[in-house]
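Student: Quick one: sequence and predicted model below, then my questions.
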Amino acid sequence: MRTAERELMARLPEGALMQRAAAGLAATCAELLGRVYGSRVVLLIGSGDNGGDALYAGARLARRGAGVTAVLLAPDRTHPGGLAALRRAGGAVTSGVPADGAGAAPRAVEELIGRADLVVDGIVGIGGKGGLRPDAAPLAALLRDSRAVVVAVDLPSGVEADTGEVLGEAVRADLTVTFGTHKPGLLIDPAREYAGSVRLVDIGLTLPAEAGLEALQHADVAARLPLPGAASDKYRRGVVGIAAGSARYPGAAVLAVSGALRGGAGAVRYVGPAGDAVIARFPETLVSDGGPARAGRVQAWVVGPGAGDDASAVAEVLAADVPVLVDADGLRLADRAAVRARTAPTLMTPHAGEAAALLGVPRETVEASRLSSARELARRYGATVLLKGATTLVADADGGPVRVNPTGTAWLATAGSGDVLSGLAGSLLAAGLSPLDAGSVAAYLHGLAGRFAADGAPAGAHDVAEALPEAWRDVRV
Ligand SMILES: NC(=O)C1=CN([C@@H]2O[C@H](COP(=O)(O)OP(=O)(O)OC[C@H]3O[C@@H](n4cnc5c(N)ncnc54)[C@H](O)[C@@H]3O)[C@@H](O)[C@H]2O)[C@@H](O)CC1
Ligand SMILES: Nc1ncnc2c1ncn2[C@@H]1O[C@H](COP(=O)(O)OP(=O)(O)O)[C@@H](O)[C@H]1O
Ligand SMILES: [K+]
């Protein structure tokens, strides 16, 4: 953002970029207000350009008849052009500095926010670090109790733009208007939850071709889906082997197979103690006796869901010279040196708890810093890592952009939905996708299927699997 901004600013008249940002911000605020004339708008203004955007947008709303008051957190370091524009448009200005430097916001500010229809958060944007400072923190608390719509400028103030971490107090917005491109903090939890809905305003930047973080969209997924053609047969489409389930957890095998059957492989081979349960539900499955080493040829393996304590199956799969997905119990049972020593690709799919165990840190640490956790795991194991949870990330073994999954729903937090995901991703691996593509396409389809299956009500993991064909059709339209 900084580089792209500098390049464009050098070519444009001074302030033009900020005007573009402010115009987009004001238009969104006007849309939210419905009727601008007579509405009550409060601007929370920090000391940087983020406050400048908010002030110019406030001036535009004031010219359309809104009652606009700017609350200044740094009265002597406020963006001068923005402040002058607001004053010219008839806006009011007050200080937001707490009387004792921290603690509570001035009483007048509390009243303003209490009466406001809309509050614009221009405290801090990409220039912020380390949570809101003590002088700004009380405002975030006031917003939580207010009935006003909260619109964040560029980012909810206080979240880490580059990582999605939240290191202290931060503003919770209903909507964030962001400029130029999405910042990682808008896409990765916990910060993502603070942003509310996100609207992107194009300010004409030319962005670098490769970003540190990328999200697939429908067309990207459609372009990666394996489709059968005239020359296809079941073997050429790829055979995926599922080594999952145990006497205690036969259902995990059934669910992994249910995902694998909807992932594009031409055949699904199952090895393990749950063959009867698998066949009863999915008669098309090729069930083999004996361990993975004695099963017929496959183009990719999935090992681990519901595997209990069967370490030998995990070891046999890791020794295979084909792409391998390791999930659930497999992550615990896998010999770490054997994972690192593999030459064919490995895709690991931990949730936060499993990732924490692999990294030797508390689960909370992984949840608070998903991006660095996924990158670190990928680096340590020389594997592609799909970190599951509120935000699913896929980090490749050799670095490069991390993929963040934009689909999904919290309804997916249901027992067995991870088994469906691993079968699906394994099937895509067998069909020839790279681990990065297989993981990110699987997460995308799984997230969409979760939304279709749940649609506002609880859904079981098998419902998610059954909604996968609908997800395929949706991305291919
Ligand atoms: N440069 C440009 O022309 C453009 C910039 N844009 C806006 O400019 C923003 C970046 O502006 P700046 O670089 O001035 O930085 P910011 O306005 O994001 O923040 C910098 C100021 O915030 C204070 N600050 C830092 N951390 C804080 C914290 N934790 N709590 C409270 N205050 C804190 C700092 O003292 C500093 O003065 C973007 O987010 C975007 O909103 C847009 O107008 C697009 C064009
Ligand atoms: N809060 C959440 N929001 C969105 N998706 C979630 C959330 N919690 C879990 N998920 C998704 O649900 C699935 C759960 O998988 P997992 O934790 O392996 O459960 P299980 O082992 O029971 O199958 C993953 O795809 C994960 O990304
Ligand atoms: K902000």
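Tutor: Perfect, thanks for sending it. Ligands and ions are numbered 1, 2, ... in the order given.
Student: Show me the contact partners of stretch 78-85.
Tutor: With contact meaning CB atoms under 8 Å, 6 or more residues apart in numbering, stretch 78-85 is reached by 15, 18, 45, 47-49, 51-56, 59, 70, 72, 93. Quick note: C-beta positions are derived from backbone N, CA and C, even for glycine.
Student: Let's see that with 7 Å instead.
Tutor: When contacts are defined by CB atoms under 7 Å, 6 or more residues apart in numbering, stretch 78-85 is touched by residues Gly15, Ile45, Ser47, Asp49, Gly51, Gly52, Leu55, Tyr56, Ala59, Leu72.
Student: what's the burial count for Leu318?
Tutor: Counted with other CB atoms under 10 Å, the neighbours of Leu318 add up to 22.
Student: distance of it from Gly304?
Tutor: For Leu318, the distance to Gly304 (CB to CB, to the nearest Å) stands at 11 Å.
Student: Count the neighbours of Pro469 for me.
Tutor: 14.
Student: part of a helix, is it?
Tutor: Yes: assessed with DSSP: H, G, I helix; E, B strand; the rest coil, Pro469 lies in a helix.
Student: who's in contact with it?
Tutor: Residues near Pro469 by CB under 7 Å, 6+ apart: Arg262.
Student: beta partners of Val93?
Tutor: Beta-bridge pairing of Val93 under DSSP bridges involves Ala70.
Student: Per-residue pLDDT of it, please?
Tutor: Per-residue confidence (pLDDT) for Val93: 98.
Student: and what of Asp100?
Tutor: The model reports Asp100 with a pLDDT of 74.
Student: count of neighbours near it?
Tutor: The number of residues near Asp100, taken as other CB under 10 Å, comes to 9.
Student: what's the distance between it and Ala136?
Tutor: 14 Å.
Student: So what touches whichever strand or helix holds Val314?
Tutor: Assigned by DSSP states H and E, Val314 belongs to helix 311-318. Helix 311-318 is contacted by residues 243, 272, 291-293, 301, 303-304, 307, 324, 330, 333-335, 338-339, 342 when judged by CB under 7 Å, 6+ apart.
Student: Could you pick out the buried ones from those?
Tutor: Among the contacts of helix 311-318, those classed as buried by 16 or more other CB atoms under 10 Å are 243, 272, 291-292, 301, 303-304, 307, 324, 330, 333-334, 339, 342.
Student: Stretch 169-189 near ligand 2 anywhere?
Tutor: No: counting by CB under 6 Å from any ligand atom, ligand 2 has no neighbours in stretch 169-189; the shortest distance is 8.0 Å.
Student: Could you pull up the mean pLDDT of that stretch?
Tutor: The model assigns stretch 169-189 a mean pLDDT of 97.
Student: can you check stretch 330-339 too?
Tutor: Stretch 330-339 comes out with an average pLDDT of 97.
Student: ditto for stretch 412-429
Tutor: On average, stretch 412-429 scores 98.
Student: and the residue of the stretch 201-350 of the chain found nearest ligand 2, what does it touch?
Tutor: Closest residue of the stretch 201-350 of the chain to ligand 2, CB to the nearest ligand atom: Ala328 (5.7 Å). Residues near Ala328 by CB under 7 Å, 6+ apart: Gly304, Pro305, Gly306, Ala307, Gly418.
Student: which SS class is Met348?
Tutor: strand.
Student: Low-confidence ranges, this structure, go.
Tutor: Applying pLDDT under 70 to the chain flags residues 101-102.
Student: Determine the longest helix present in it.
Tutor: Taking DSSP state H as the criterion, the chain has its longest helix at helix 435-454.
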